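I'd like to go over a predicted model; first the sequence, then the structure.
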Amino acid sequence: MDKSPTEWARHWSTEMEAAHKRLRQFLNQGNKVVERYLDERKGMDREFHADSRLNLFYTNVSALQSMLYGSTPRIEVSREHNDPDDDVARVASQIIKRILDAEINSSCESLSSTLKSCLQDRLLPGLGVARVRYEMKTKTEVVNDAITGEETEVEVFVSEDAPVDYVHWQDYRWGWARTWAEIPWMAYRAYLSKQEVKDRFGEKIAGQLEYKKQTPQADDNMGSSDQRSNVQKAEIWEIWCKKSKNVFWWADGAPAVLDMQDDPLKLRGFWPSPQPLMANCTTTLFIPRADFILAQDLYNEVDVLQSRIAVITRAIKVVGVYDQSAGASVGRMLKEGVENDLIPVDNWAMFAEKGGLRGSIDWFPVETVVGVLQTLQAVQQTKIQQLYEVTGLSDVMRGGNTDQYTAAATQGMKMKMGSIRVQALQDEFARFASDIEELKAEVIVKHFDKQTIAQQAGIQFLGQYDQPYVMQAMQLLKTPDLKWRVNIRPESIAMVDYAQLKSERSEFLMAMATYIQSAQAAAREIPGSIPMLISLMKYGMAGFKGANELEGAMDAALQAAVQAEQQPQQDQGPSPEQMKMQMEQMKQQAAMQKAQLDLQKIQMKSQADLASINAKLQGELSKITADQQADLTVEQQRAQHRLMEISRALEADITKIQAQMDADLTIEEAQARFDIASQQEQHQNNLVELNAQRRTI
């Protein structure tokens, strides 16, 4: 492994090129999945284009993201074996926990943003990555030498930090492997300006690199010009090689590696990152595959059905055709017709012979189109249900649909089993967050100064029972290969379930109360057993999460019990001070009993007042209801009377119109009869003249 910088540059060029080819399909699919999530349709008019989508992918991802991450994680730090008598390790774990909690509280937005980004990358392209760094800030000060009196510049320590950085899924590469344990190297990409390259690697190297504008799709040089960065930067990879235990900084096109260092963090697992959040990874090849890819056919079918539904919905409208020879009256009927309005028709007899309005208008067959639309909607619902089955959301929905008559235990079991696939993803996300904080705790323990640890943990504010173990705990933290368990429970980062928290604490208190009742009887029967009973309580308490703070108080109680047992028993009765204390206790108990009686009286009076107020409110409500009912009856009667008046007026108008129409019809008939009689008389005269002419001839 003893290679020159030039040989290392050629080696990493080959490895990075192979990694890029191996991950090309994943990167391309990841970009398409993100575009599908954002519903980006280039060159399409969303309002009028026939291609309509039902973006269930966005809905599903948003729902899962809200379920999996709902609050800032709560960290729990414990020693490896949870020994109840190992107080030094218990205090040391409290110190680490206080530092991690302080980091979360001071940089809550940064940690929250990192976890949310990693979770979104897991749900979209299928890869979520984060890493831990160690930063030490110093400054240069001018001091006077105590011997020579000359001024010299010295570097002074300022602060230490172990930040957690989010790594974009396109800026992460790794060597060929089938599992996480086989990964030989991993790399993180960073973009540095020319000035930043000069500050980090020197002016000579800065002149050898290529600088270009960054695009959202880092491996797509043909991206949209309006999405490119305005600053030209160099693409630099930070490569961690597990086999050689070195870290390299490499840039494509550079003749040699930019820098090379030995393992800077000295972590047990070497990697500065936990195992990434990977979707659908198998042991064939360690490459993730997005959840969307496995269900894309169903998503596409739902979109096709939605497009057809949108087209047919736009086609459903009240339209038809009419006979143009019928005149403009039929067209005016829909455009100008209002209530109680009649539109005149020319040549009514001819209009009636053609079938009237039914014979002049033919409407668009809306019923047939609506039937097709309903069929498409039913098929779409079936496809959506299949999609929920594939993605696992149906399990959550099925677990939530519990019967109200089912027992509470059965409902809880159904909800638990219904969300088992989501729970697995939630556990994986909690594992990822725990591993990040565990790496951060390891960096703190191995690289932070003792004074920095004490300052950030605020050890002066530890409990009085923990202060005697602080110095030993600080020594323990600096022990090589110290093992801790940093745990973040899934429910602490998901949506807060206050009922679950209440149940856990109630269970703890009930267990302690039951044990205390049993221990009291044992203490009376077995003299000198109190220290043993307290030790048993401390042993049981060590198994409950979050009980570290109570163990110090239990140690003090145990020590006091042991001292009390060692003191010689005195046969004489209680001392005056003890009698006085007993009298004070009796007075306090009497006062407490009186206060309880007063409280009960107040509660009874409050209940009586509340019942009176409820009765009064009920009476007023009944009165208001009756008044409203009466007003409603009056209004109904007025409306009916007005309706009758309108009906009578309409009947009178119709009678007048009919009479006028009858009169007009009578005149027209008389005129027609007169015309017919005149024509008949003229015809008769013509016949007489014709006959006369015939006789003459």
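Done, it's in.

Domain-wise, how is the chain divided?
The record's domain split for the chain, according to automatic domain parsing, is 5-49+125-289, 296-418, 497-568.

Tell me how confident the model is about the first one, as a mean pLDDT.
Spelled out, it's domain 5-49+125-289. Taken as a whole, domain 5-49+125-289 carries a mean pLDDT of 87.

Tell me the pLDDT of residue 435.
Residue 435 is given a pLDDT of 91.

wait, what's in contact with it?
By Cβ atoms under 8 Å, 6 or more residues apart in numbering, the contact list for residue 435 reads 274-275. Where C-beta positions appear, they are placed from N, C-alpha and C, glycine not excepted.

The host helix or strand of it: how far from the chain's middle?
For residue 435, the element it lies in under DSSP states H and E is helix 420-447. Remark: helix 420-447 is offset 19 Å from the chain centroid, using Cα atoms, centre = their mean, to the nearest Å.

Also stretch 266-283?
Distance, stretch centre to chain centre, for stretch 266-283: 24 Å (Cα atoms, centre = their mean).

Over to stretch 58-70?
Worked out by Cα atoms, centre = their mean, stretch 58-70 lies 3 Å from the chain centre.

Now do that stretch, average pLDDT.
For stretch 58-70, the mean pLDDT works out to 85.

could I get it in PDB with only the CA atoms?
Taking C-alpha atoms only, stretch 58-70 is exported to PDB below (Å, rounded to 0.1, in the frame of the first residue of the first chain):
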ATOM      1  CA  TYR A  58     -46.400  12.800  -3.100                       C
ATOM      2  CA  THR A  59     -49.200  12.000  -0.700                       C
ATOM      3  CA  ASN A  60     -47.800   8.600   0.400                       C
ATOM      4  CA  VAL A  61     -44.300  10.000   1.000                       C
ATOM      5  CA  SER A  62     -45.600  13.000   2.900                       C
ATOM      6  CA  ALA A  63     -47.700  10.800   5.100                       C
ATOM      7  CA  LEU A  64     -44.800   8.400   5.800                       C
ATOM      8  CA  GLN A  65     -42.400  11.300   6.500                       C
ATOM      9  CA  SER A  66     -44.900  12.800   9.000                       C
ATOM     10  CA  MET A  67     -45.300   9.500  10.700                       C
ATOM     11  CA  LEU A  68     -41.600   8.600  11.000                       C
ATOM     12  CA  TYR A  69     -40.300  12.000  12.100                       C
ATOM     13  CA  GLY A  70     -42.500  14.200  14.300                       C
END
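
In that stretch, which residues are buried?
60-61, 64-65, 67-69 (16 or more other Cβ atoms under 10 Å).

now do stretch 526-535
For stretch 526-535, by 16+ other Cβ under 10 Å, it's 529-531, 533-535.

Also stretch 198-211?
Buried residues in stretch 198-211 (16+ other Cβ under 10 Å): 201, 205-206, 209.

so how far is stretch 125-135 off the chain centroid?
That offset, for stretch 125-135, works out to 20 Å (Cα atoms, centre = their mean).

Ends of that stretch, what's the gap?
One end of stretch 125-135 sits 31 Å from the other (Cα to Cα, to the nearest Å).

Ok, stretch 286-298 next?
26 Å.

Now do the buried residues in that stretch.
286-293, 295-296, 298.

List just the nearest of these to residue 375.
Using Cβ to Cβ, residue 298 comes nearest to residue 375 of the buried residues of stretch 286-298, at 18.6 Å.

taking the buried residues of stretch 58-70 one by one, which sit in strands?
With DSSP state E as the criterion, strands contain none of the buried residues of stretch 58-70.

so how far is residue 682 from the most far-flung residue of the chain relative to its centre?
Farthest-out residue of the chain from its mean C-alpha position, per Cα atoms, centre = their mean: residue 696, at 117.1 Å. Per Cβ to Cβ, to the nearest Å, residue 696 is found 21 Å from residue 682.

How about residue 449?
135 Å.

What count of nearby residues applies to residue 89?
As a burial measure, residue 89 scores 22 neighbours (other Cβ atoms under 10 Å).

Wait, it touches residue 476, no?
Yes - look at residue 89 against residue 476 with Cβ atoms under 8 Å: they come within range, at 6.5 Å.

Export the buried residues of stretch 58-70 as JSON lines, with columns for distance to residue 128.
JSON lines is the format used below for those (distance: Cβ to Cβ, whole Å):
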{"residue": "60", "distance to residue 128": "17"}
{"residue": "61", "distance to residue 128": "13"}
{"residue": "64", "distance to residue 128": "13"}
{"residue": "65", "distance to residue 128": "12"}
{"residue": "67", "distance to residue 128": "16"}
{"residue": "68", "distance to residue 128": "11"}
{"residue": "69", "distance to residue 128": "11"}
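
which one among the residues you listed gets closest to residue 132?
Distances from residue 132 to those, taken by Cβ to Cβ, are shortest for residue 69, at 19.5 Å.

ranges for the helices of the stretch 101-250 of the chain?
Taking DSSP state H, counting those that start in this stretch as the test, the helices found in the stretch 101-250 of the chain are 108-123, 194-201, 203-206.

what's next to the longest one, contact-wise?
For helix 108-123, contacts defined as Cβ under 8 Å, 6+ apart pick out 61, 64-65, 68-69, 72-73, 103-104, 127-130, 163-166, 168-169, 277-279, 291, 429, 432-433, 493.

From these, list just the buried residues.
Among those, those buried by neighbour count (16+ other Cβ under 10 Å) are 61, 64-65, 68-69, 73, 103-104, 127-130, 163-164, 166, 169, 277-279, 291, 429, 432-433, 493.

just for the stretch 451-600 of the chain, where's the confidence low?
480-505, 522-525, 527-529, 538-582, 584-585, 587-592, 595 (pLDDT under 70).

Let me fix that, I meant to ask about the stretch 301-450 of the chain.
Scanning the stretch 301-450 of the chain for pLDDT under 70 picks out the ranges 322-360, 362, 394-420.

Strands along that one, start to end?
320-322, 361-363 (DSSP state E, counting those that start in this stretch).

Pull stretch 186-196 out as PDB, backbone CA atoms only.
The C-alpha coordinates for stretch 186-196 follow below in PDB (Å, rounded to 0.1, in the frame of the first residue of the first chain):
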ATOM      1  CA  MET A 186     -16.500   5.400   0.700                       C
ATOM      2  CA  ALA A 187     -16.200   9.000  -0.600                       C
ATOM      3  CA  TYR A 188     -18.000  12.300   0.000                       C
ATOM      4  CA  ARG A 189     -18.100  15.100  -2.600                       C
ATOM      5  CA  ALA A 190     -17.600  18.700  -1.800                       C
ATOM      6  CA  TYR A 191     -17.600  21.800  -4.000                       C
ATOM      7  CA  LEU A 192     -15.000  24.400  -3.200                       C
ATOM      8  CA  SER A 193     -14.300  27.800  -4.800                       C
ATOM      9  CA  LYS A 194     -10.800  28.700  -5.900                       C
ATOM     10  CA  GLN A 195     -10.100  30.700  -2.800                       C
ATOM     11  CA  GLU A 196     -11.300  27.900  -0.600                       C
END
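
Which of the residues in it are classified as buried?
186-189, 191-192, 194.

what's in contact with it?
16, 19, 131, 167, 170-175, 200, 206, 209, 211, 214, 218, 231-240, 271, 273.

what distance separates it from the centre of its chain?
With Cα atoms, centre = their mean as the basis, stretch 186-196 stands 31 Å off its chain's centre.

Quick check on residue 40: phi, psi?
When read as degrees, to the nearest 10, the backbone of residue 40 gives phi -90, psi 120.
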